[in-house]
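**Q** show me how the following folds:
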Amino acid sequence: NFEDSVYLLMDMTRYKSWGGDRKSRMYLYQVSTNNFTLKNDKLDLTHGDGNAFAADPHNKNFLICSDNNWFVKSLDGGKTLTKKGLATHQVHADMEDFVFHPNKKGEVWVASHGGVFKSVDYGAHWEEKNNGLGIAEVVGFAASPTHPEYSMVGLYHCGSMVSSAPYKADTIWNLNWNTIWRGDGTKPLVDPNDPKYMYASQNGGGWARSANYGKPVKPGSNAFTSIPRAGNKDIWGSEAVLNNTNSTILYRRGFTSIKVGDKSKEFHNVYRSTQRGSVNNEVITDFREVYPNGDYLIIMLYQPKANEDYLYVYLKDDANVHRLYYTNNANAVDPNDVKSNWLELPLPYQKRWLKSISAAPNNEDVLYLGYETPFQKNKNKGIIFKVDYGTQVNFELKEGITNLTYNLPEIKLKGNCIAIDSKGGIYLGTDAGVFYLDKNRINKNIGNEWAQVGTGLPHVVVSGMQIIYTTKKIRVSTHGRGVWEHDLVDR
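**A** Okay, the predicted model is just below:
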């Protein structure tokens, strides 16, 4: 209705190198005069990961824009702004988009990391509009392999949640999800041997543990209690694995600050703790010897189910080269014996991001590696490989490695998206669905090695997978559409 008026909001908060006060700026552009007018240069906004901004088509002076998990609105064309909250379960839910109704005055919709909301009174009150819509942006996912009622998710800017309702096969199952920790949810863990022990993590390496299936022990008490941090802090996200056999042992990533010359350097290391993270945060790596500048990043930890003494560490070094290390002595009593036992393994690619690691059920030396995205045929040589590190590996001569890409379409991988079943079959979670490769089809070159598993999975990236053998299901989490499950492939 006001085609002559175009508002421009410049997010200056991200540009530290520009100096200045880093305040956002708002301009009004008049098409008829081909001129910008500065309306406000003192906007103290923190957009976070959302940059929502909209102008009312019925009132050119009414504006609304995101401010982290809040929003601000203006009734005078941006000269003054009022900060408001959006009821999204008290979690950090950045806002991605505002849309005004083209015909109904006062009606505005918002898409946030906590879902979709509608207001009919210019943002004074909001109504949740998420029924039937899976909207969870799952960053980390864990499920009990033996008790299907227990799953955990770490949600992007929306805390951590746990399900606990009794499992009902082949019926509509109300999982009864409960938010159990605030902040930016990252990686969760469920004890594979005793699901009453659960772990939730936050941005920056904070961890908490429950010893009661994610439920408060007493009414009004916290379901999860914090455990000592590994190192000084961590990067955005958290990384840890439990020992598959002795699940009282927890391996975590953390920073240690060390003074090098006149500067303080932060070194990533792996910490081992016993008694479920409560005590003995022992450093079992010493990558400072290899990377003295400290400019390296541990990305992923992985322990194969076949051997509790194995531990794999995937990192990116100070030259942006991707590397894989392992030890077969992860549980030595003396942590110094572990430090001296790390060996580097060759990778198919050293300049591409590794997204998922999974091992053969009965062989700790055989790894399945899922690579960065996107994969485009005739441009990249492959996206998923089987590597037998128990043999002599030579990628140039194709010794010890099998490219399993075969007939996969152009796909995108994100997180823990490879699961190996008990008979050696491979599930691969992608943005185009879940695919399955029967081990008997490997190296057959018949053109239809991979088969899609079911239909109806939304076309968003898979962030986690877990095989639930007690119910014969494969359960997957997605970054944007929640958690799904399907029958295992019948072979």
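**Q** can you pull up the bridge partners for the closest residue to Lys473 other than its chain neighbours?
**A** Of all residues not flanking Lys473 in the chain, Glu485 sits nearest, at 4.7 Å (C-beta to C-beta, 6 or more residues apart in numbering). C-betas here are computed from N, CA, C, even on glycine. Listed by DSSP bridges, the beta-bridge partners for Glu485 are Arg475.
**Q** wait, Glu485 sits on Arg475?
**A** Yes - judged on C-beta atoms under 8 Å, Glu485 makes contact with Arg475 at a distance of 4.3 Å.
**Q** Ile284 and Leu311: what is the separation?
**A** Distance of Ile284 to Leu311, given as C-beta to C-beta, to the nearest Å: 8 Å.
**Q** so who does Tyr312 touch?
**A** Contact analysis of Tyr312 by C-beta atoms under 8 Å, 6 or more residues apart in numbering lists 300-304, 324-326, 357, 367.
**Q** actually Arg481, sorry about that
**A** Applying C-beta under 8 Å, 6+ apart, we find Arg481 in contact with 134-136, 458, 460.
**Q** recalculate using a threshold of 6 Å.
**A** Applying C-beta atoms under 6 Å, 6 or more residues apart in numbering to Arg481 gives the contacts 134, 458, 460.
**Q** so where's the stretch 251-400 of the chain shaky on pLDDT?
**A** Counting by pLDDT under 70, the ranges of the stretch 251-400 of the chain that qualify are 373-380.
**Q** switch the cut-off to 80
**A** Per-residue confidence for the stretch 251-400 of the chain (pLDDT under 80) gives these ranges: 256-261, 263-266, 280, 294-295, 373-381, 397.
**Q** cool, the stretch 1-150 of the chain as well?
**A** For the stretch 1-150 of the chain (pLDDT under 80), the answer is 1-3, 11-23, 42-51, 67-70, 83-94, 113-114, 132-134.
**Q** the more surrounded of Ile284 and Leu311?
**A** Applying other C-beta atoms under 10 Å to Ile284 and Leu311 shows that Leu311 carries more neighbours, namely 27 against 24.
**Q** ok, the nearest residue to the more buried one once chain neighbours are set aside - how many residues close by?
**A** What sits nearest to Leu311 in space, not counting adjacent residues and going by C-beta to C-beta, 6+ apart, is Ala330, at 3.9 Å. Using other C-beta under 10 Å, the number of residues around Ala330 comes to 22.
**Q** got the phi/psi numbers for Ala330?
**A** Here is the backbone geometry of Ala330 (degrees, to the nearest 10): phi -70, psi -20.
**Q** return the distance of it relative to Lys187.
**A** Distance, Ala330 to Lys187, by C-beta to C-beta: 19 Å.
**Q** do the same with Tyr326
**A** Taking C-beta to C-beta as the measure, Tyr326 and Lys187 are separated by 20 Å.
**Q** what mean pLDDT does whichever strand or helix holds Phe435 get?
**A** Phe435 is located in strand 433-437, with elements delineated by DSSP states H and E. Across strand 433-437, the average pLDDT comes to 95.
**Q** counting contacts, what elements does whatever helix or strand Ile180 lives in pack onto?
**A** Assigned by DSSP H and E, Ile180 belongs to strand 178-181. Under the contact criterion of 3 or more C-beta pairs under 6 Å, 6 or more residues apart in numbering; DSSP states H and E, strand 178-181 touches strand 160-163.
**Q** mind running it again at 10 Å?
**A** Identification of packing neighbours for strand 178-181 by 3 or more C-beta pairs under 10 Å, 6 or more residues apart in numbering; DSSP states H and E yields strand 151-155, strand 160-163, strand 198-201, strand 207-210.
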